[in-house]
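In: next one to model:
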Amino acid sequence: MTTLYAFFQHYWPHLAFVLSLAIGSTAAIHAAMTKTEVRAAIGWVGIIILSPLLGPLFYLIAGINRVRHDQISEQRNKALHDFTSESDLAITDVTELAGRQFRSLGVLGDSVSRFPLREGNHIKILRGGDETYPAMLEAINQATNSVALQSYIFDNDQVGEQFVRALADAVHRGVQVRVLIDAVGSRYSRPPVVRSLRRHGVTTALFMSNSWGMRMPYANLRSHRKILVIDGYIGFTGGMNIRQGFASSIAGDATTQDTHFRIIGPVVTQLVSVFAQDWQFTTGETLPFEPWCDESRLAPEPHIPARCIRSGPDRHMAATHNMLLGAFAIAQRHIRIQSPYFLPDQVLMGAINTAARRGIQVDIVIPGRNNLKLVNYAMTSQLDQVVKAGCRVWRSQRNFDHSKLITIDGSWSYIGSSNLDPRSLRLNFELDMEIYSRQLARKVEHIVDSEIEASQRVTLESLAAIPFRMRLRNRLIWLASPYL
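Out: Purely as a prediction, here's the structure:
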């Protein structure tokens, strides 16, 4: 024992070096072999090499997707309920709806989404919590059969309490209620609202429970989807979480803005299908067609075609990324983009810049003040790339707006939960919707244009006027953008 102790005492630096070399090499090889983005692979390998002990530990915590893509796909395939198999209302040619240039985009949607483009939907735009929350609560209060609610953040605050009471009342009326909250998003308030929901008898589950037991806003494999379906025929989706910061009666002058959508029609069944997959993946419970779907009720006029686009780190990897590449490629006149976090990768950035160089007017609206400082710094660092290409970039001077809105040529709209950043486009489970309607596109354009009217245009001169120390800070943080 004395000899062994003396050996370690004398040679421990050499042993530590060999151990760090072995761990670092293993971690670097794993990053190089498993990362699909070259910037992410280079970044992680650099971190591991520069810090042979702390680097692998950080990679273990933040860099590894512990659930393999093929494992997720297999489990979620078992949970697949094709509630949309009846395709009698499916649209195969979008030419008359939007224009000849959109024909190829319709084909792309058929390939990427796997959901059919369905006619017969009535879609209403809801602005902010003042319009969205009352509409959602009224629908829950009128539910007679089922309520399916999925959210990234569900805060235990004044607005959250209103939803808890409405959901609890629905349970007491005999309504079947299922609530699915992301495990990380559930920790944005203390104590988590899950306890209150379960105490009131509301069946609640956490998506991808976080074994670290803490709020980790940059954790991977999060469910960023927002879904509410009432009695199988009234649906809500968009960008809004459930938290009091969106309600002007509580937040006052600091109210956060967002855009949500109320849907009646066949596409609601697609919302239920996505929820059912996520619910069975999380809990193992299979939700039957009835009472969770009801396609017997006709939607009020006007009717417009729409379909859901699922994306996430499973078999739907990069679905939104591919849809946007196709949409930017077929644009002929005008692209409008409003996003709170504008950090597209180089491929998507190239598509946006190419559209601008083709003579397409590209307007990009981002917040003047952002709730995520690191993302804002990285976002600012790469704005010169789109400005140089001819895109018009606008910094809103209003309150922070969480809306995710895109329109193409006044005919096609893309709305939902996805941000234009690496996390939304590759690492999170997202839900968006493509809509072929000139009427709705004009309404979305009005929202974006009204934000532009209250914005300051970003120019190369204004970017150059930023002090060097801030530009250097922004650039260094931009290097970590694949992880933000």
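
In: in a helix, residue 457, correct?
Out: No - membership of residue 457 in a helix is not supported by DSSP: H, G, I helix; E, B strand; the rest coil, which gives strand.

In: what is the burial count for it?
Out: When neighbours are counted by other Cβ atoms under 10 Å, residue 457 registers 12. C-beta coordinates here come from the backbone N, C-alpha and C atoms, glycine included.

In: pLDDT wise, what is residue 399 at?
Out: You'll see residue 399 listed with a pLDDT of 95.

In: ok, it - how many residues close by?
Out: Residue 399: 18 surrounding residues under other Cβ under 10 Å.

In: over to it. Which of the three states is it?
Out: coil.

In: go on, the one 4 residues further on?
Out: Under the three-state scheme (three-state DSSP), residue 403 adopts coil.

In: residue 109 contacts residue 305, correct?
Out: No - judged on Cβ atoms under 8 Å, residue 109 makes no contact with residue 305 at a distance of 10.4 Å.

In: which residues do these two both contact?
Out: residue 117 (Cβ atoms under 8 Å, 6 or more residues apart in numbering).

In: where does this protein have low pLDDT?
Out: Within the chain, the stretches with pLDDT under 70 are 1-12, 14-16, 32, 34-40, 53, 55, 58-89, 210-220, 315, 482-484.

In: can you check which strand is longest in it?
Out: strand 118-127 (DSSP state E).

In: elements contacting that strand?
Out: Using 3 or more Cβ pairs under 8 Å, 6 or more residues apart in numbering; DSSP states H and E, the elements in contact with strand 118-127 are strand 259-264, helix 267-283, strand 304-311, helix 438-453.

In: and the contacts of the following helix or strand past the third one?
Out: Spelled out, it's strand 304-311. Going down the chain from strand 304-311, the next helix or strand is helix 319-330, by DSSP states H and E. Contact partners of helix 319-330, identified using Cβ under 8 Å, 6+ apart, comprise 101-102, 104-105, 108-109, 112-113, 309-311, 335, 345, 347-348, 351-352, 354-355, 406, 408, 412, 414, 418, 420, 424-426, 430, 432, 434.

In: hmm, back to that, how about the longest strand of the chain: buried residues?
Out: By neighbour count with 16 or more other Cβ atoms under 10 Å, strand 118-127 contains the buried residues 118-123, 125-126.

In: list the buried residues in the helix or strand following it.
Out: The C-terminal neighbour of strand 118-127 among helices and strands, as given by DSSP H and E, is helix 128-141. For helix 128-141, the neighbour count (16+ other Cβ under 10 Å) marks 128-129, 132-133, 135-137, 139-140 as buried.

In: touching, residue 153 and residue 240? I think so.
Out: No - the pair residue 153 / residue 240 is not scored as a contact, 9.4 Å apart, by Cβ under 8 Å.

In: neighbour count winner among these two?
Out: residue 240 (28 against 21).

In: please identify the helix or strand for the more buried one.
Out: Counting by DSSP H and E, no helix or strand carries residue 240.

In: separation between it and residue 259?
Out: 8 Å (Cβ to Cβ, to the nearest Å).

In: likewise for residue 276?
Out: For residue 276 relative to residue 259 (Cβ to Cβ), the value is 25 Å.

In: do the same with residue 360
Out: 23 Å.

In: have a look at the two and say which one is more surrounded.
Out: Taking other Cβ under 10 Å, residue 360 and residue 259 do not tie; residue 259 has more neighbours (23 against 19).

In: that one against residue 450, yeah?
Out: No - contact criterion Cβ under 8 Å: residue 259 and residue 450 do not qualify, at 11.8 Å.

In: where do the contact lists of the two overlap?
Out: Common contacts of residue 259 and residue 450 (Cβ under 8 Å, 6+ apart): none found.

In: between the helices and strands packed on strand 118-127, which one is nearest to residue 232?
Out: helix 267-283 (6.3 Å; Cβ to Cβ).

In: beyond that closest one, next helix or strand please.
Out: Next along from helix 267-283, by DSSP H and E: helix 289-292.

In: quick check: buried residues in that following helix?
Out: 289, 292.

In: which helices and strands does that helix pack with?
Out: Using 3+ Cβ pairs under 8 Å, 6+ apart: helix 289-292 touches strand 146-151.

In: which strands border the strand it packs on, and is each parallel or antiparallel?
Out: According to DSSP bridges, strand 146-151 forms sheet pairs with strand 176-182 (parallel), strand 227-230 (antiparallel).

In: and the contacts of it?
Out: The contact list for strand 146-151, computed with Cβ under 8 Å, 6+ apart, reads 140, 163, 167, 170, 175-182, 185, 223, 225-232, 241-242, 272, 275-276, 278-279, 287, 291-292.
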